[in-house]
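Trainee: model this:
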Amino acid sequence: MTDHTDEARGIVPEDDLPPHQAGDYGDAPVGPRTPRPSPGFTPRARAAVLVALMIVALPAGGIIDIAVQLRESFPTGGPNLDRTGVLIGFLVGAAVGVGFPVVVAVREVRARRRDRTRSRVVLIASLAILVIALPTHGMVLTYQTRKTVELALQKGQPPTELERRTEERDVQAELAELGDETVRALGADPDLKSVSGERAGGVRRDSCHLDNLSSGVEWTYSYDWRSTTGPDGTQPAPGAEAAPTATGDVAAVVELWESREVRAVTEGEEPGRFRAEADWLRDYPTVYAGPIVLMVTTCFVEA
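Mentor: Presented below is the predicted three-dimensional model:
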C-alpha cells in the first residue's frame, strides 16, 4: 500500500524549513545561527587582571607597614599607637601583601582540580609573589609580635627599689641641697637672681617613664653663673670665663660629694669639668668650675 503523505513523498513542511535570507540571488535558506558568546572577561583577561592586582598588593602591603612604623615613631598630633594598634596595622599589611595571593592560589588549585586544561599562569604568578611576600611580612610580624610580648611583660613588672626611693626620702630636697652646696663650694651664690628674676639655683620637675614604662617624675638642678645678676642688678661681663667669686676648688666638691656617696668623674681633658655619679643620678649631668652645675635624677615613682 502506497503512503501518499507529504513526509513519505519527501516533502518537508514549510514550518520546518530554515529561515530565508536575502542574498544576491534572492531569498535563500540558511541554517541555524551560532549564538554569540555572552559578554564578560575571557580567561586570558581574567588572568591578567588577577596578576596585576597581586603585583599591586605586594608593595601596597609594604607601604602599610612603613606607614604604621612611621606613625609609631613620629606621632603627628593624634594619639600615639599602642603596641596592639601597631600589631594590628602590620597584620593589615600582611593581609594585603600575603593574604590576597594566598586566596588566589587556593582558588586556582581548586579550579585546576575541576578543569585540568585551565591555564597555570595565575597560579605560578601567585606562588612567585608569595616567595617574596611571605619572608618579608613573616619577619616583620615575628619581630613585632615578640616586641609586643616583651613590652607586655615589661609593663607587668613592679617599680624597682630605686624607683620607689621617693616613698621614703625627699629626693627633690636632696638634689636641691646637693646642688646648692656644690655651687657654694665653687665660690658662687645659688641665691642670686637669674636674668628672668628667679632664683639662680633652682630645681625643675619633669615627667619621665619608669623601667616598666609607667609615668614617673624626675628633677633637674641647674645653675649657670653666666645668667645671674648681682645684688645691684649687673650681669657678668661679656667674654668672662668664670664668675668673679669662683674658686675652682674641685677638691672641695669631691670631698662634699663623697660625704653624700656621690663620686666625681672627670669629663674629657678640659680642666674643671666633671660629673656626679650615683645610682639616683643620670650619667650625663656635667659640672664646670665656672661654675655651671647641672644634675638630673633618675626616674622615680611619683609620691
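Trainee: which helix or strand contains the residue nearest to Ala185 when sequence neighbours are not counted?
Mentor: In space, and not counting its chain neighbours, Ala185 is closest to Ala252: 4.3 Å by CB to CB, 6 or more residues apart in numbering. For the C-beta atoms, the positions are set from N, CA and C on the backbone; glycine is no exception. Using DSSP states H and E, Ala252 maps to helix 250-259.
Trainee: one more: Leu50?
Mentor: helix 43-73.
Trainee: check which helices and strands that helix is in contact with.
Mentor: helix 83-94, helix 100-114, helix 121-155 (3 or more CB pairs under 8 Å, 6 or more residues apart in numbering; DSSP states H and E).
Trainee: please work out which of these is packed deepest.
Mentor: helix 83-94 (a mean of 17; mean count of other CB atoms under 10 Å).
Trainee: what's that helix packed up against?
Mentor: Secondary elements touching helix 83-94 (3+ CB pairs under 8 Å, 6+ apart): helix 43-73, helix 121-155.
Trainee: distance check, Ala60 against Val121.
Mentor: 21 Å (CB to CB, to the nearest Å).
Trainee: same question for Gln172.
Mentor: From Gln172 to Val121 the distance is 72 Å (CB to CB).
Trainee: do the same with Arg46
Mentor: 10 Å.
Trainee: I'd say Arg83 and Val149 touch.
Mentor: No - if you go by CB atoms under 8 Å, Arg83 and Val149 don't touch, sitting 9.1 Å apart.
Trainee: got the CA positions of the longest strand that the chain contains in CSV?
Mentor: Counting residues, the longest strand found in the chain (DSSP state E) is strand 215-224. Output of strand 215-224 as CSV, limited to C-alpha atoms (Å, rounded to 0.1, in the frame of the first residue of the first chain):
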residue,chain,number,x,y,z
SER,A,215,54.7,57.5,84.3
GLY,A,216,57.2,58.8,86.8
VAL,A,217,58.9,62.1,87.9
GLU,A,218,62.5,63.4,87.7
TRP,A,219,64.1,66.6,88.9
THR,A,220,66.8,68.7,87.4
TYR,A,221,69.0,71.1,89.3
SER,A,222,70.6,73.8,87.2
TYR,A,223,72.9,76.8,87.9
ASP,A,224,74.7,78.9,85.4
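Trainee: that older thread, got the angle for the helix holding Leu50 vs helix 121-155?
Mentor: 20 degrees (axes from the mean of the first three to the mean of the last three CA atoms, to 10 degrees).
Trainee: for Ala264, helix, strand, or coil?
Mentor: strand (DSSP: H, G, I helix; E, B strand; the rest coil).
Trainee: which ones are touching it?
Mentor: 250, 253-254, 257-258, 274-277 (CB atoms under 8 Å, 6 or more residues apart in numbering).
Trainee: just among those, which is most surrounded?
Mentor: Within the contacts of Ala264, Val253 tops the neighbour count with 26 neighbours, counted by other CB atoms under 10 Å.
Trainee: what sits closest to it if chain neighbours are left out?
Mentor: Ala185 (4.9 Å).
Trainee: quick check: the one you found touching Trp257?
Mentor: No - the criterion here is CB under 8 Å, and Ala185 misses it with Trp257 at 9.2 Å.
Trainee: how is the chain divided into domains?
Mentor: 43-155, 165-296 (automatic domain parsing).
Trainee: ends of the first one, how far apart?
Mentor: Criterion CA to CA, to the nearest Å; first-to-last residue distance in domain 43-155 is 55 Å.
Trainee: can you check the last one too?
Mentor: Between the start and the finish of domain 165-296 there is a gap of 15 Å, counting by CA to CA.
Trainee: what mean pLDDT does it get?
Mentor: Here domain 165-296 scores 89 as its mean pLDDT.
Trainee: what residues are up against the closest residue in space to Thr84 that isn't next to it in sequence?
Mentor: In space, and not counting its chain neighbours, Thr84 is closest to Thr148: 7.4 Å by CB to CB, 6+ apart. Thr148 sits next to 83-84, 86-87 when contact means CB under 8 Å, 6+ apart.
Trainee: what's around the residue nearest to Val253, how many residues?
Mentor: Once other CB under 10 Å is used to define contacts, Ala185 is seen to have 20 neighbours.
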